[in-house]
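1. here's a sequence, model it:
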Amino acid sequence: MKVFFIGILLFCINSFASAQTESEIVFSFNEYIQGVKKNHPVARSANLSVESAQEGIVAAKGEFDPSISYTNNQKTFNGTNYFYYNNAELKIPIPIGMDIKAGVEDNGGNYITREVTTGKTSYIGAEVAVLKGLLIDKRRAAIQQAKILNSQSVQERNAMVNDLLLDAALRYWQWYGTYAQKKLYERFLDVAKNRLHLIVIAYQQGDKALADTIEANAQVLNYQLLLGESIIKFNKASFELTDFLWDENAMPYFLPGHFIPDTTALQDYIVPLSLDDLMNQAVPNHPEIKQYEFKLDALEVERKLKWQSFLPALNLKANLLNKGYNALYNVTDAAFLENNYKFGIDFKVPLFLRTARGEYRKTQIKIQQTNLSLASKKWQIQNKINSYYVQNQLYAAQFQQVAALINSFEILFRNELLKFNNGESSLFLINSRESKLLETRQKMIDLQTKLVVSKFQTEWAAGLLF
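-> Okay, the predicted model is just below:
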C-alpha cells in the first residue's frame with residue numbers, strides 16, 4: 001500500500017513536466033509600439049487624413065491657376081453673313097484681389113454690333129477690387145482655411161494616435177502581467193515539486209509522516225491549478241494583443257507562441273511624474289486643445305471675409321487695345337495710350353446690409369461658442385491629468401508598501417523553513433507562509449502593472465503619447 005501511494009505521488013510530480021517548446025523570443029515594448037504607430041490601420045488612416053488635407057491646399061490654390069478660354073459665335077442666314085465673333089483670352093488671377101487678362105479678337109459680318117471692333121484686335125488689361133475683396137476674398141480665404149485645416153488634421157491625427165497608443169500600451173502591460181503571474185506560479189510549483197520529492201524520500205526513510213507527503217502533494221496540486229488558470233489568462237491576453245499586430249502590407253498577424261514580454265524593461269517605465277511638467281506641456285500642446293485653436297483661426301478668417309460684406313463692391317477694369325494680335329505694339333507712344341483703351345467701373349452696395357450683418361453676427365457667435373468649448377476642454381484635460389496623476393501616486397505608495405511586506409514575509413518564510421528543518425515546525429505552517437508570500441508577490445505584479453498603466457494614462461490625458 002505504501003509503495004502504491006508513493007508511486008501516485010511521484011506520478012503527480014512528473015505529470016506536469018514541461019514539453020519541449022520553441023526558444024522564447026523577447027518582444028520588447030518599444031518594438032511593439034513602433035509597429036503599432038507605423039502599421040496599425042487607425043494610424044495609417046490618420047496619416048491619410050493629413051494627406052487629404054494637404055491635397056485640399058492644392059485644390060484651393062487651383063483658384064489662382066491661369067486659364068485660357070475661347071468663344072466663337074457666328075450667324076449666316078439665306079446667304080448673308082450676319083456676324084462672327086472669335087475671342088481667345090488668357091486670365092491670370094493674382095492673390096492681391098486682381099486679375100490680369102490678355103486676349104485676341106477677330107470679329108466681322110454685315111450686322112455686327114457697333115460696340116465690337118471689326119477685324120483682328122488684341123488687348124491686355126487688369127480688373128482690380130478696390131474696396132470689397134481688396135484685403136481678402138473667397139479665393140484667398142479658401143487657401144488660408146485649407147492651410148489651417150491641414151494643421152488641424154495633423155492635430156486630429158495626433159489625437160487619434162494618442163488614443164490608439166494608450167489602448168495598445170494597456171494591452172501590452174496586461175499581457176506582461178499575465179506572463180509574470182504565470183512565471184511566478186511556475187517558480188513556486190517547481191519549489192513545491194522539489195519539496196514533495198524530498199519529503200517522499202524522507203517518508204521512505206521513515207523520517208517524515210504520511211500526512212506530510214499528503215500536505216506537500218496538496219500544495220503541488222494547488223499550484224498546478226493556479227498555473228493552469230494563469231496560462232488561460234496569458235493566452236487570452238496574447239490573443240487580445242494580436243488586435244494591434246499588423247505588418248507593412250496592412251495584414252494582421254497572430255502573436256507567435258514563443259514571443260514573451262520584456263520583463264526587464266518594466267522598471268524603465270516606473271518613473272516619478274511631475275504634475276507641473278505635465279500641465280505645462282498639456283495646455284499649449286494637447287492635440288485636442290490645438291484643434292480648437294486652429295478652429296478659431298479658421299473662424300477668424302471667416303470673420304474677416306464676412307466683414308468684407310459691409311464694404312461696397314468697387315471694381316476697376318482697364319484694357320489696353322491694339323490692332324492685330326500684338327497688344328504691346330507701339331505701346332510707348334503717349335498718343336497711342338490716350339486713344340486705345342477700354343475702361344470700366346462696377347459699383348454695388350446693399351442699402352440695408354442685412355445679409356452682411358446676419359452673416360457676420362453668426363460668425364461671431366461661432367467664435368464665442370468655440371471659445372467656451374475650448375475653455376471647457378482645457379478644464380476637462382486638467383481634471384483628467386490630476387485624476388490619473390493622483391492614482392499613479394497612490395499606486396507608487398502602495399508599491400513601496402508591498403515591497404516592504406514581501407521582505408517581511410520572506411523573512412518569516414525562511415525562519416519557518418529553518419524551524420521545520422530543525423523539527424520545530426510543520427509542513428502546514430510552511431505551506432501557509434509560502435502561500436502568503438505567493439499572494440503578496442501576486443499583489444506586487446498587479447501593482448507593477450497598474451503603476452505602469454497609470455503612467456501611460458496620465459501621459460495620455462496630457463496628450464503626450466503620440
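
2. now do the helices in the stretch 351-466 of the chain.
-> 354-421, 427-461 (DSSP state H, counting those that start in this stretch).

3. who wins for proximity to residue 171 among those?
-> Counting by Cβ to Cβ, residue 171 lies closest to helix 427-461 out of these; the figure is 10.3 Å. (C-beta placed from N, C-alpha, C; glycine too.)

4. the closest one versus helix 354-421: what angle between them?
-> Helix 427-461 runs at 160 degrees relative to helix 354-421, counting by axes from the mean of the first three to the mean of the last three Cα atoms, to 10 degrees.

5. average pLDDT for helix 427-461?
-> For helix 427-461, mean pLDDT is 93.

6. check which helices and strands it sits against.
-> helix 138-204, helix 210-241, helix 266-269, helix 275-285, helix 354-421 (3 or more Cβ pairs under 8 Å, 6 or more residues apart in numbering; DSSP states H and E).

7. ok, 7 Å please
-> On a contact count with 3 or more Cβ pairs under 7 Å, 6 or more residues apart in numbering; DSSP states H and E, helix 427-461 meets helix 138-204, helix 210-241, helix 266-269, helix 354-421.

8. next SSE after the second one?
-> This points to helix 210-241. strand 259-261 (DSSP states H and E).

9. just checking: what are the partner strands of that next one?
-> Using DSSP bridges, the strands paired with strand 259-261 are strand 25-27 (parallel).

10. contacts for the strand it pairs with, please.
-> Identification of contacts with strand 25-27 by Cβ atoms under 7 Å, 6 or more residues apart in numbering yields 258, 259, 260, 261, 262.

11. enumerate every residue touching residue 185.
-> If a contact means Cβ under 7 Å, 6+ apart, then residue 185 has 223, 226, 227, 230 as its contacts.

12. need the winner for burial among the helices and strands packed on helix 427-461.
-> Of these, the one with the most neighbours on average (mean count of other Cβ atoms under 10 Å) is helix 138-204, at a mean of 19.

13. from residue 401, how far off is the residue nearest to residue 403 when sequence neighbours are not counted?
-> Spatial nearest neighbour of residue 403, chain neighbours left out: residue 444 (6.9 Å); criterion: Cβ to Cβ, 6 or more residues apart in numbering. As judged by Cβ to Cβ, to the nearest Å, residue 444 and residue 401 stand 10 Å apart.

14. any common contacting residues for those two?
-> Common neighbours of residue 444 and residue 401 (Cβ under 7 Å, 6+ apart) do not exist.

15. who are the contact partners of the residue positioned nearest the centre of the chain?
-> By Cα atoms, centre = their mean, the chain has its centre lying nearest to residue 161, at 1.9 Å. Shown in contact with residue 161 (Cβ under 7 Å, 6+ apart): 37, 43, 46, 466.

16. let's see that with 6 Å instead.
-> Residue 161 is in contact with 43, 46, 466, counting by Cβ atoms under 6 Å, 6 or more residues apart in numbering.

17. these, buried ones only, as a ChimeraX selection?
-> The ChimeraX selection below is limited to those of the contacts of residue 161 classed as buried (16 or more other Cβ atoms under 10 Å):
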select :43,46,466
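
18. could I get the helices and strands packed on helix 427-461 as a markdown table with distance to residue 340 and mean pLDDT?
-> Shown next, in a markdown table, are these (distance: least, Cβ to Cβ, whole Å; pLDDT from 0 to 100):
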| stretch | distance to residue 340 | mean pLDDT |
| --- | --- | --- |
| helix 138-204 | 31 | 94 |
| helix 210-241 | 79 | 93 |
| helix 266-269 | 80 | 80 |
| helix 354-421 | 39 | 94 |
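
19. with distance to residue 325 added, can I get those in TSV?
-> Shown next, in TSV, are these (distance: least, Cβ to Cβ, whole Å):
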stretch	distance to residue 325
helix 138-204	30
helix 210-241	73
helix 266-269	75
helix 354-421	44
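
20. among the ones you listed, which is nearest residue 122?
-> Using Cβ to Cβ, the nearest of those to residue 122 is helix 138-204, at 27.1 Å.

21. circling back: distance of the residue nearest to residue 403 relative to residue 399?
-> From residue 444 over to residue 399 the distance is 8 Å, taken as Cβ to Cβ.

22. which residues do the two both contact?
-> By Cβ under 6 Å, 6+ apart, no residue touches both residue 444 and residue 399.

23. off-centre distance for stretch 112-122?
-> Taking Cα atoms, centre = their mean, to the nearest Å, one finds the center of stretch 112-122 at 62 Å from the center of the full chain.

24. buried sites along it?
-> Neighbour-count burial for stretch 112-122, counted by 16+ other Cβ under 10 Å, picks out 112, 117, 121, 122.

25. excluding chain neighbours, what is closest to residue 438?
-> Leaving aside its chain neighbours, residue 438 sits nearest to residue 188 (5.4 Å; criterion: Cβ to Cβ, 6+ apart).

26. pretty sure that neighbour contacts residue 224?
-> No - using Cβ atoms under 6 Å, residue 188 makes no contact with residue 224, being 10.5 Å away.

27. and the residue nearest to residue 438, how far is that from residue 441?
-> Here residue 188 is placed at a distance of 8 Å from residue 441 (Cβ to Cβ).

28. ok, residue 280 next?
-> 38 Å.

29. settle it for me: which of those two has more neighbours?
-> Between residue 280 and residue 441, counting by other Cβ atoms under 10 Å, residue 441 is the more crowded of the two (21 against 12).

30. tally of neighbours for residue 134?
-> Close neighbours of residue 134, defined as other Cβ under 10 Å, add up to 15.

31. wait, a strand at it?
-> No - assignment of residue 134 by DSSP: H, G, I helix; E, B strand; the rest coil gives coil, placing it outside any strand.

32. from the contact counts, what lies against the strand ranked longest in the chain?
-> Secondary structure of the chain per DSSP state E: the longest strand is strand 80-94. The contact analysis (3 or more Cβ pairs under 6 Å, 6 or more residues apart in numbering; DSSP states H and E) places strand 80-94 against strand 67-77, strand 98-108.

33. pull the number of nearby residues for residue 302.
-> Per other Cβ under 10 Å, the neighbour tally for residue 302 reads 19.

34. what helix or strand is it on?
-> Using DSSP H and E, residue 302 sits within helix 287-307.

35. so what touches that helix?
-> 136, 141, 144-145, 148, 151-152, 155, 158-159, 359-360, 363, 366-367, 370, 374, 377, 463.

36. repeat that for stretch 57-70.
-> Residues contacting stretch 57-70 (Cβ under 6 Å, 6+ apart): 88-93, 95, 139, 142-143, 146-147, 150.

37. now do the buried residues in it.
-> 57, 60.

38. repeat that for stretch 28-40.
-> Residues of stretch 28-40 classed as buried: 29, 32, 33, 35, 36, 37, 39, 40 (neighbour count, 16+ other Cβ under 10 Å).

39. how far away is the residue nearest to residue 294 when sequence neighbours are not counted from residue 381?
-> Once flanking residues are discounted, residue 294 sits nearest to residue 152: 4.0 Å by Cβ to Cβ, 6+ apart. According to Cβ to Cβ, residue 152 stands 17 Å off from residue 381.
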